[in-house]
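> fold the following and give me the result.
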Amino acid sequence: MADRIRAVLRWETALVVLLVAVAVVGSVRTDGTFLSGGNLFYLGLDIAEIALIALPLTLVIAAAEIDLSVASVLGLSSALIGWLWTAGWPLETILPVVVLVGAACGALNGLLVTRLGLPSLAVTIGTMALFRGLALVVLGDTAVADFPASYTQFGTTPVPGTNLPYPILLFAVLAVVFAVLLHASSFGRAVFAVGANEEAARFSGVRVKRTKLVLFVLTGAVAALAGIVYTFRFSSARADNGTGLELAVVAAVLLGGVSIFGGRGTLGGVVAGVLLLGSLRNLLILDDVSTEVLTVVTGLLLLVSVLVPAVGRRLGRRVDNSRLGRRVDNSRLGRRAGRRAATSAAGPP
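Residues are numbered from 1 along each chain as shown. This is a model prediction of the structure:
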């Protein structure tokens with residue numbers, strides 16, 4: 001019975017309930033506009049880059065690390081697309097090169113963390129500024145916006161016969177891949193083991209450094225892919241594309257129930273967190289709320305996503321300890337009763 005109650009009260013279940021509540025409230029407040037096909041299409045476009053980057057970042061945080069350079073990698077990839085396009089390169093060559101550059105950026109983060117033993121927070125704060133600076137060096141403050149419609153249509157039109165944006169279709173495919181990688185493979189078990197206890201994972205045979213390096217490379221590559229999506233969605237390559245996006249991505253992952261201390265989390269919860277964060281922001285936009293308030297809401301959700309699970313685990317430990325205490329007391333009472341019964345059966349000396 002207790003296990004069933006815990007399953008109902010899981011963080012992921014709460015996210016789904018909140019998501020349904022936001023949908024109902026949004027539909028009422030906007031007279032049905034919130035759940036219309038057109039609005040859902042634009043909602044999908046708005047969360048596309050956040051959703052894509054959240055997938056590999058889930059694994060990074062589950063391994064008790066962090067990558068704050070993802071938005072800068074997005075900006076650098078966008079700047080590279082614009083620079084190489086103006087240099088006469090075909091997009092068929094530019095796109096895989098950009099993804100490889102993103103993977104190289106992730107490899108730089110991973111090597112600094114695994115080989116030099118530097119904290120990932122400090123490393124990725126530094127590379128966040130480094131990659132954004134490189135983007136400005138590559139493209140400056142100009143914008144390139146003459147991409148062919150055969151490419152930009154994937155960021156501005158839905159899948160035929162649906163209201164589903166192409167980037168969300170890409171996200172759905174990658175979500176399945178990362179879900180299998182995290183929850184149904186030995187690599188995923190290694191990620192959770194590293195996040196729960198790095199030393200124990202190392203002694204059990206997990207190649208900790210290689211695992212972390214792979215995670216950072218994956219994150220860089222997917223962040224570059226998100227830069228491609230961002231560029232084609234706005235039909236504009238700029239060095240400042242995606243500025244500040246890392247806050248929303250981290251908020252979505254933590255809101256999805258992934259522990260900031262590592263070793264705990266599900267990809268399904270992260271998908272629900274991305275949808276909840278995007279839905280709330282979309283509802284506030286429909287209510288003509290300013291961008292400053294949107295930033296405040298994102299920050300509050302980030303705090304809530306850290307505080308609520310921590311408080312829940314602390315309360316759970318107290319309940320378990322109280323149960324254990326009652327069992328110990330009952331055991332002691334049972335032993336005392338047994339001794340009294342034995343004494344009574346033996347009779348007086």
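> next SSE after the helix or strand harbouring G220?
Following DSSP states H and E, one finds G220 within helix 208-234. Remark: after helix 208-234, the chain's next helix or strand is helix 245-255, criterion DSSP H and E.
> which parts of that next one are buried?
L245, E246, A248, V249, V250, A251, A252, V253, L254, L255 (16 or more other Cβ atoms under 10 Å). To be clear about C-beta, it is placed using only N, CA and C from the backbone, and glycine gets the same treatment.
> which one of these sits closest to F187?
Nearest to F187, judged by Cβ to Cβ, of these is V253 at 18.5 Å.
> got a list of what the closest one touches?
A54, L57, T58, I61, G265, V270, G273 (Cβ atoms under 8 Å, 6 or more residues apart in numbering).
> how close does it get to L68?
12 Å (Cβ to Cβ, to the nearest Å).
> with T298 instead?
15 Å.
> now A79
19 Å.
> those two: who's more crowded?
Higher neighbour count among A79 and L68: A79, with 29 against 21, using other Cβ atoms under 10 Å.
> wait, a helix at the more buried one?
Yes - A79: assigned to a helix according to DSSP: H, G, I helix; E, B strand; the rest coil.
> isn't it right up against R238?
Yes - applying Cβ atoms under 8 Å, one finds A79 in contact with R238, separated by 7.1 Å.
> so, low pLDDT: which residues of the stretch 201-349 of the chain?
For the stretch 201-349 of the chain, the stretches with pLDDT under 70 are 308-349.
> and for A79 and R238, which residues touch both?
L139.
> per-residue confidence for L181?
Confidence at L181, expressed as pLDDT, is 94.
> go on, the one 10 residues further on?
Per-residue confidence for V191 comes out at a pLDDT of 95.
> number of residues surrounding it?
29.
> once you drop chain neighbours, what's closest to F171?
A51 (4.6 Å; Cβ to Cβ, 6 or more residues apart in numbering).
> test my guess that that neighbour contacts L169.
No - the criterion here is Cβ under 8 Å, and A51 misses it with L169 at 11.3 Å.
> look at these two and report which has more neighbours.
A51 (28 against 16).
> that one sits in which helix or strand?
Counting by DSSP H and E, A51 is found in helix 37-62.
> by contact count, what packs against that helix?
Judged by 3 or more Cβ pairs under 8 Å, 6 or more residues apart in numbering; DSSP states H and E, helix 37-62 is in contact with helix 70-86, helix 166-183, helix 186-196, helix 208-234, helix 245-255, helix 267-286.
> for those helices, which one sits closest to G117?
Among those, helix 208-234 sits nearest to G117 (Cβ to Cβ), with 9.7 Å.
> list the buried residues for that closest one?
For helix 208-234, by 16+ other Cβ under 10 Å, it's 208-209, 211-234.
> look up how far V20 lies from V297.
When V297 is compared with V20 (using Cβ to Cβ), they lie 19 Å apart.
> just how off-centre is the helix holding G220 within its chain?
12 Å (Cα atoms, centre = their mean, to the nearest Å).
> same deal with stretch 205-222?
The answer for stretch 205-222 is 16 Å, by Cα atoms, centre = their mean.
> which residues touch it?
By Cβ under 8 Å, 6+ apart, stretch 205-222 touches 52-53, 55-57, 59-60, 63, 65, 67, 70, 73, 99-100, 102-107, 109-111, 113-115, 174, 187, 190-191, 193-194, 198, 201-202.
> what of stretch 95-111?
Applying Cβ under 8 Å, 6+ apart, the set of residues contacting stretch 95-111 is 67, 69, 73, 76-77, 80-81, 84, 89, 120, 123-124, 127, 131, 212-225, 227-228.
> if you count neighbours, what's buried in it?
Neighbour-count burial for stretch 95-111 [16+ other Cβ under 10 Å]: 95, 98-99, 101-103, 105-111.
> the helix holding G220 versus helix 186-196: what angle between them?
110 degrees (axes from the mean of the first three to the mean of the last three Cα atoms, to 10 degrees).
> what's the angle between helix 208-234 and helix 166-183?
170 degrees.
> tilt between helix 208-234 and helix 245-255?
120 degrees.
> what angle separates helix 208-234 from helix 70-86?
60 degrees.
> name the nearest residue to T86, sequence neighbours excluded.
V144 (5.9 Å).
> residues in contact with the one you found?
Counting by Cβ under 8 Å, 6+ apart, the residues that V144 touches are I81, G82, W83, W85, T86, S236, A237, R238.
> and with 10 Å instead?
By Cβ atoms under 10 Å, 6 or more residues apart in numbering, V144 lies in contact with 78-79, 81-86, 231, 235-238.
> could you give the bridge partners of it?
Beta-bridge partners recorded for V144 (DSSP bridges): A237.
> quick one: it and S235, what's the gap?
Counting by Cβ to Cβ - V144 and S235 are separated by 10 Å.
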